[in-house]
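In: Need a 3D model of the following:
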Amino acid sequence: MKTKTDLLYLIILCTLSLSAFFSFGQNDKQTNKMQPDFGDLINSYEDLLDMDPFQELIKLMEELKSEEQVDSNLLIRAKSVRFNNQFLNMVLDGNVELIHNEMFISSEEVSAKFNDDGDVVVLEAKDDVYLKHHDRTITCETLSYYPISKKIKTQGSSSIEVKGNLIKAEQISGFISPNGYLIFEPNVWLEISQINNQSFGIDIRSEKAIFRNSNQQIRFDHKVRLRGDYGALNCNKLTLKLGDTSHLNWILAEEKVTFKYRDIIAKSSNMRYDIKNKYLFLNGSPRVMQNTCVLKADSIQIWPYDQKVICKPSAKAIIFPNKVEWGDIQESLNSDD
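Out: Reported below is the predicted structural model:
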């Protein structure tokens, strides 16, 4: 509910044409000891303005100085502020900074809409938008934030940093609550510079990705391409399991999987890579090619760094000394059939 303190503070700031810095109360019973000193603000301008029309207002503000404010207040700083529709709509311009609960937003312009109880329904920011929430940082061209549901939606050159990993897309939408999720689309691009506290370069691209906060997993869909120090990987679906900070626990690739590392090429329906133990597990008609040898089995395990392969059960090994035959099998392995 919009308090008297909120409205009076805004009126004084707008009347004096100051840089805006004010708060809007939300329906929360938790309190905050921080309180603006209205007396100092008024005294500094008493000699410049005719204060007679504001005497009742000043008296009321003095009574409200000791009032407690709620933790979920919306705190805003800006160069200018405009209102219409009986304080149900607000527009802030110029170096806008906004704090709501544990979220910080900055941009060149922010518009806000309130309901009849004074609660913020939606915040819309544009031009050089920056958002910080816990360990996540979002940058974009435009942002819509719905505080009640904690829903966000971005447009234009959007990126988010999660635990040191940067994900980019043309649009980000979803919910930033503890059990929420974020959808990235299209032209998704993930850069990983560090894994398990070691410098590592991984570049992942796809048409769509979903990050789920509850299980700390990122799922990439459609035309997934991974390139990096672990090799090259193509597939239709890819899931990353994130650990603490920069840790990555495992990678799961699904549907038309092709993996290449040095002179090893592997194809299968599914592939799981255990980061800690540094080995691949392939199943679903897996095939592995190295030099002029092709291995087949019901499942295949590969340790790329140790150049070690285990095939079981129903293992088969085929060696092609003939270059023509070898060319045919290479073409078969590289096909999507």
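In: From now on I want contacts and neighbour counts done on CA atoms only, so please keep to that.
Out: OK.
In: quick one: the closest residue to A209 other than its chain neighbours from R212, how far?
Out: Leaving out its chain neighbours, the residue that sits closest to A209 by CA to CA, 6 or more residues apart in numbering is F220, at 4.3 Å. Using CA to CA, to the nearest Å, F220 is found at 12 Å from R212.
In: Please say which of these two ends up with more neighbours.
Out: A count of neighbours by other CA atoms under 10 Å puts F220 above the other of F220 and R212, at 28 against 18.
In: in the sheet, who's paired with that one?
Out: A209, L238 (DSSP bridges).
In: List the contacts of it.
Out: Contacts for F220 were tallied using CA atoms under 8 Å, 6 or more residues apart in numbering; they are S206, E207, K208, A209, I210, K237, L238, T239.
In: now with 7 Å?
Out: For F220, the contact set (CA atoms under 7 Å, 6 or more residues apart in numbering) comprises S206, K208, A209, I210, K237, L238, T239.
In: what ranges do the helices span in this structure?
Out: Ranges of helices within the chain are 4-15, 38-43, 55-64, 323-334, based on DSSP state H.
In: what's the least confident stretch among those?
Out: Across the helices of the chain, helix 4-15 has the smallest mean pLDDT, namely a mean of 42.
In: any idea how far the residue nearest to F104 when sequence neighbours are not counted is from N101?
Out: Closest residue to F104 apart from its sequence neighbours, by CA to CA, 6+ apart: K132 at 5.1 Å. Taking CA to CA as the measure, K132 falls 11 Å from N101.
In: Run through this structure and note the low-pLDDT ranges.
Out: Applying pLDDT under 70 to the chain flags residues 1-73, 85, 162-163, 194-200, 243-247, 320-337.
In: beta partners for N234?
Out: Counting by DSSP bridges, N234 is bridged to R225, T258.
In: Repeat that for I99.
Out: Listed by DSSP bridges, the beta-bridge partners for I99 are L75, F104.
In: Distance of it relative to I76?
Out: 6 Å.
In: Would you reformat the contacts of F220 as CSV and include neighbour count and distance to A112?
Out: Listed next are those as CSV, based on neighbours: other CA atoms under 10 Å; distance: CA to CA, whole Å:
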residue, neighbour count, distance to A112
S206, 25, 34
K208, 20, 30
A209, 27, 29
I210, 19, 28
K237, 22, 39
L238, 28, 38
T239, 19, 37
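In: ok, these vs D116, which is closest?
Out: Nearest to D116, judged by CA to CA, of the contacts of F220 is I210 at 35.1 Å.
In: Please look at that closest one and Q216 and confirm they touch.
Out: No - using CA atoms under 7 Å, I210 is not in contact with Q216; the gap is 10.4 Å.
In: where do the strands sit along the stretch 51-200 of the chain?
Out: Secondary structure of the stretch 51-200 of the chain, counting by DSSP state E, counting those that start in this stretch: strands at 69-70, 74-78, 80-84, 89-100, 103-114, 120-133, 136-146, 151-155, 158-162, 165-169, 171-175, 181-185, 188-195, 198-206.
In: Make CSV out of those strands and add distance to V294.
Out: What follows is the strands of the stretch 51-200 of the chain, written out as CSV (distance: least, CA to CA, whole Å):
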stretch, distance to V294
strand 69-70, 68
strand 74-78, 64
strand 80-84, 70
strand 89-100, 59
strand 103-114, 54
strand 120-133, 50
strand 136-146, 45
strand 151-155, 47
strand 158-162, 40
strand 165-169, 37
strand 171-175, 43
strand 181-185, 38
strand 188-195, 32
strand 198-206, 28
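In: which of the residues in stretch 109-117 are buried?
Out: E109, V110, S111, A112, K113, F114 (16 or more other CA atoms under 10 Å).
In: Also stretch 217-228?
Out: Q217, I218, R219, F220, D221, V224, R225, L226, G228.
In: can you check stretch 168-183 too?
Out: For stretch 168-183, burial by neighbour count (16+ other CA under 10 Å) applies to K168, A169, E170, Q171, I172, S173, G174, F175, I176, Y181, L182, I183.
In: Quick check: beta-bridge partners of the fifth one?
Out: With DSSP bridges applied, the residues forming beta bridges to I172 are F184.
In: OK, contacts around it?
Out: K153, T154, S158, L182, I183, F184, E185.
In: ok, the third one - how many residues close by?
Out: In terms of burial, S158 registers 23 neighbours under the definition other CA under 10 Å.
In: Excluding covalently adjacent residues, which one is nearest to it?
Out: C140 (4.3 Å).
In: Was I right to think the one you found contacts V129?
Out: Yes - with contact defined as CA under 7 Å, C140 reaches V129; the gap is 5.3 Å.
In: list the buried ones in stretch 313-321?
Out: Result for stretch 313-321 [16+ other CA under 10 Å]: no buried residues.
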